[in-house]
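Q: Make a model of this:
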Amino acid sequence: MKNIESFFTELALGVAYYDEYIKEERLQEDIKLMKEAGIGLVRIAESTWSTLEPQPDTYNFYHIDRVLDAMHGAGIKVMVGTPTYAIPPWLFKRHPEVMAETPEGVNQYGHRQKMDITNKDYLFYSERIIRKLVEHVCDHPAVVGYQVDNETKHYDTAGPEVQEKFIKFLQKKFNTLEELNDKFGLDYWSNRVNDWEDFPSAIGSINSSLNTAFKGFQLSLVKDFLKWQCDLIREYARDDQFITHNFDYDWRDYSFGVQKDVHHYEASLPLDLIGIDVYHPSQDELTGCEIAFCGDSARNLKHQPYLVIETQAQGHVGWLHYPGQLKLQALSHVASGASMVAYWHWHSLHNGCETYWKGILSQDFIPGRTYKEVQEINEVFKKISPYMKGYMVENSAAIMIDMHSLLALEDMKKYGHDLDYNMEIRRYYDALYAMNMGCDIVHQEDIKLNQYKLVIVPALYSVSDDVLDKLVSYTKSGGIVIYGMRSGFSDEHVKVRTEQQPGRITKSCGVTYSQFTLAKRTNLKNPKSVQGEKEDLRLDSKSLIELLKPSENTETLYSYDHPHWKEYSAITLAKDGGGTSVYVGCCPDKTVIKQIYKELINKEDLKAPDISFPIIIRQGINRDGQKIVFMFNYSGKIQTCQWEEENGVNLLTHVKVKSSQNISLSPWGYAIYLIS
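A: A predicted model of the protein is given here:
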């Protein structure tokens, strides 16, 4: 694995730049403005296949060459993207079969990312343009790295050839067809398969085991595709060049949660550096939570700093930043572990469907407020860069991501079981964030449990005995685990366990249940609440609740306020060996989740500052063992808090701060402190 500091010795600002989209005379003026703004890297080429190869095996690298030469002359680094995520018209005309066949039918040409990434013709032409492009640019001194493809996913490709590959995948996974029928329960509704030649398409399946296996197989297609591109580039790339990819996240009008169409951890393995795209609400809806969530996820893919390859400048309609917010956002990325913050993009488009998605410059190219704020960000970056060398965030809490559970719950939505995995993750993460309790987001395959005091496993719905046993052992040895509802419910093949729920973790959690229902007219009841104290403990009437029965020594943190469910517990806490298990049998809001954390802080060796949102604290340790503390005010009002750390110094003003001293932060303001 290449060290990110080999390429980014200081905090960097970057931008996407498309010489192909604008008038040629802009290049030198743009470079002049970039230099004045402190832009240190531009990303090019990833969406220009039809320009680079206007006809089959005919190439035009004019725009590439002039940008590389001009940027090198200006001392600006270049990252070259492979252009394979948007195919040229001639490829579709010559081979219309490259378009993905999905459950909704065959995709039409026009929009990007509609092709089948396994199609042999698509791969043939993709390999050819990748080789031609990388061979052409690899020796240019401006090129510091490569981005493979762009926000790659499987695009729900499910045609006959994909189905055939899936059957071969199952044949390798299971020793016999009899074993597969048993593990997946295919006898139901006459779905049993008695001959591999009869195996039906997974598109129409009503079997969650088969559907989830197919979705997992589709994830492997993305992993293989990105590795294939990395391997091609490494045939040409110099040792002083990196390979990355810009992973995106589950989209709910902005970056929200775990991307269900890519297994980020597995797909990241062949990359040198992790790159991500992060977009989020702004103005009065700006909280910083999405920036933190994506950063806490990206940082833990390779356990080193990462690159923000795309984030908003002026951004989408309604996202135009208030004065000061762009600086707040950039520093929030850095506080989470980003070594570069790059904007999409430099100029705002004059054609196409993204003319509304504005860059650093508007369509008139006149440097305005956004440009000036980028200049200010650069000045801050220059001041703090000497102290950020080796900066890494260290947390005592982690959320464990399980992609198989995500896929299984996504499939169950089709049958009216509306438990949203990403909503469950954000339920727990957002509460931690608001309380300023740092949290890593780590995939199940990579998590080292003994590194943490607290591990949260939201909705661990489909999981092997082995994983559950590791969590129980971790608890017995002193760890704290919070299990979200449905955890342990089914095995790794989405087959519901036959033992009393929650199955393998029943003894550790000190609770059982066999029934669940919807939370209609159901509230939560806190037995410790003071009489007359108002507390909003309503549950969404469409959410699930499990009717928990605690064992003798299990503490009920919340029960149900309902005439027929009041005898049951909703959230419980149990001791197991030297540790603690909390089981949450419902979908509580952030207020209740915070109370659970506070309960654990009182009982266990956990810590949280006496400061909460809208003041957000993010911190890490640099190479010299010095703590860097970022304080952000995510509100439009002046906020004041008491400094709880040891004596430190403000890196921007050089003013010293003492323990217990009051600190004021301006609206959408920030402060950065060094504690030696």
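Q: C-alpha only now, for contacts and for neighbours.
A: Will do.
Q: quick one: the closest residue in space to A267 that isn't next to it in sequence from H263, how far?
A: In space, and not counting its chain neighbours, A267 is closest to K223: 4.4 Å by CA to CA, 6 or more residues apart in numbering. Computed as CA to CA, to the nearest Å, the K223 to H263 distance reads 8 Å.
Q: Same check on G81?
A: G81 sits 21 Å away from H263, taking CA to CA as the criterion.
Q: tell me which residues in the helix or strand of the chain with the lowest mean pLDDT are buried?
A: Here the helix or strand of the chain ranked lowest by mean pLDDT, DSSP states H and E is helix 590-603, holding a mean of 92. Within helix 590-603, the residues that qualify as buried by neighbour count (16 or more other CA atoms under 10 Å) are K590, V592, I593, K594, I596, Y597, K598, L600.
Q: what's the spacing between the nearest residue to the last one once chain neighbours are set aside and D224?
A: Pointing back at L600 there. Take L600 and drop its neighbours on the chain: the residue closest to it by CA to CA, 6+ apart is L606, 7.1 Å away. Taking CA to CA as the measure, L606 falls 41 Å from D224.
Q: related to what we said a few turns ago, shouldn't the residue nearest to A267 be within a strand?
A: No - going by DSSP: H, G, I helix; E, B strand; the rest coil, the assignment for K223 is helix, not a strand.
Q: what's near enough to touch it?
A: V262, H263, E266, A267, S268 (CA atoms under 8 Å, 6 or more residues apart in numbering).
Q: The same query, at a cut-off of 10 Å, please.
A: By CA atoms under 10 Å, 6 or more residues apart in numbering, the contact set of K223 is 152-154, 217, 262-270.
Q: How about P200?
A: Here P200 is in contact with Q163, E164, I167, N191, V193 (criterion: CA under 10 Å, 6+ apart).
Q: picking up where we left off before, got CSV for the contacts of K223, with pLDDT, neighbour count and secondary structure too?
A: What follows is the contacts of K223, written out as CSV (pLDDT from 0 to 100; neighbours: other CA atoms under 10 Å; DSSP: H, G, I helix; E, B strand; the rest coil):
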residue, pLDDT, neighbour count, secondary structure
T152, 98, 22, coil
K153, 98, 24, coil
H154, 98, 24, coil
F217, 98, 19, helix
V262, 98, 27, coil
H263, 98, 22, coil
H264, 98, 23, helix
Y265, 98, 20, helix
E266, 98, 17, helix
A267, 98, 22, helix
S268, 98, 22, helix
L269, 98, 16, coil
P270, 98, 18, coil
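Q: Please identify which of those residues is nearest to W357.
A: Taking CA to CA as the measure, W357 sits nearest to T152 out of the contacts of K223, at 20.3 Å.
Q: Relative to K260, how far out is the closest residue to the closest one other than its chain neighbours?
A: Spatially, and ignoring its direct neighbours in sequence, T152 is nearest to V222 (6.9 Å; CA to CA, 6+ apart). Taking CA to CA as the measure, V222 falls 12 Å from K260.
Q: and of the contacts of K223, the nearest to H443?
A: Y265 (6.7 Å).
Q: re earlier: I'd like the contacts of K223 written out as JSON lines, with distance to E552 added.
A: Shown next, in JSON lines, are the contacts of K223 (distance: CA to CA, whole Å):
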{"residue": "T152", "distance to E552": "51"}
{"residue": "K153", "distance to E552": "48"}
{"residue": "H154", "distance to E552": "49"}
{"residue": "F217", "distance to E552": "44"}
{"residue": "V262", "distance to E552": "43"}
{"residue": "H263", "distance to E552": "41"}
{"residue": "H264", "distance to E552": "42"}
{"residue": "Y265", "distance to E552": "41"}
{"residue": "E266", "distance to E552": "42"}
{"residue": "A267", "distance to E552": "45"}
{"residue": "S268", "distance to E552": "46"}
{"residue": "L269", "distance to E552": "46"}
{"residue": "P270", "distance to E552": "50"}
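Q: my guess is K165 meets F217, correct?
A: Yes - between K165 and F217 there is a contact under CA atoms under 10 Å: 9.1 Å.
Q: State whether I628 and G390 are indeed in contact, as I suppose.
A: No - between I628 and G390 there is no contact under CA under 10 Å: 11.2 Å.
Q: of those two, who's got more company?
A: Higher neighbour count among I628 and G390: I628, with 27 against 18, using other CA atoms under 10 Å.
Q: Could you report the neighbour count for the closest residue to that one other than its chain neighbours?
A: Distances taken as CA to CA, 6+ apart place L674 nearest to I628, at 4.9 Å, with adjacent residues excluded. Neighbour count of L674, defined by other CA under 10 Å: 22.
Q: show me the contacts for L674.
A: L674 touches 384, 387, 621-622, 626-630, 646-651, 654, 656-657, counting by CA under 10 Å, 6+ apart.
Q: Which helix or strand contains it?
A: Per DSSP states H and E, L674 falls inside strand 670-675.
Q: So in that sheet, which strands flank that strand, and in what orientation?
A: Sheet pairing for strand 670-675, assigned by DSSP bridges, gives strand 627-633 (antiparallel), strand 648-650 (antiparallel).
Q: among those strands, which is the most enclosed?
A: strand 627-633 (a mean of 24; mean count of other CA atoms under 10 Å).
Q: Tell me the gap between it and the middle of its chain.
A: In terms of CA atoms, centre = their mean, to the nearest Å, the centre of strand 627-633 is found 22 Å from the chain centre.
Q: Next: stretch 142-156.
A: Computed by CA atoms, centre = their mean, the chain-centroid distance of stretch 142-156 equals 16 Å.
Q: from here on, count from 115
A: Sure, I'll start numbering at 115, so the last one becomes stretch 256-270.
Q: about what we covered before: what's the PyMOL syntax to select whichever of the contacts of P314 are buried?
A: Per 16+ other CA under 10 Å, the buried members of those correspond to this PyMOL selection:
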select buried, resi 277+281+307
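Q: No further queries at this time; thank you.
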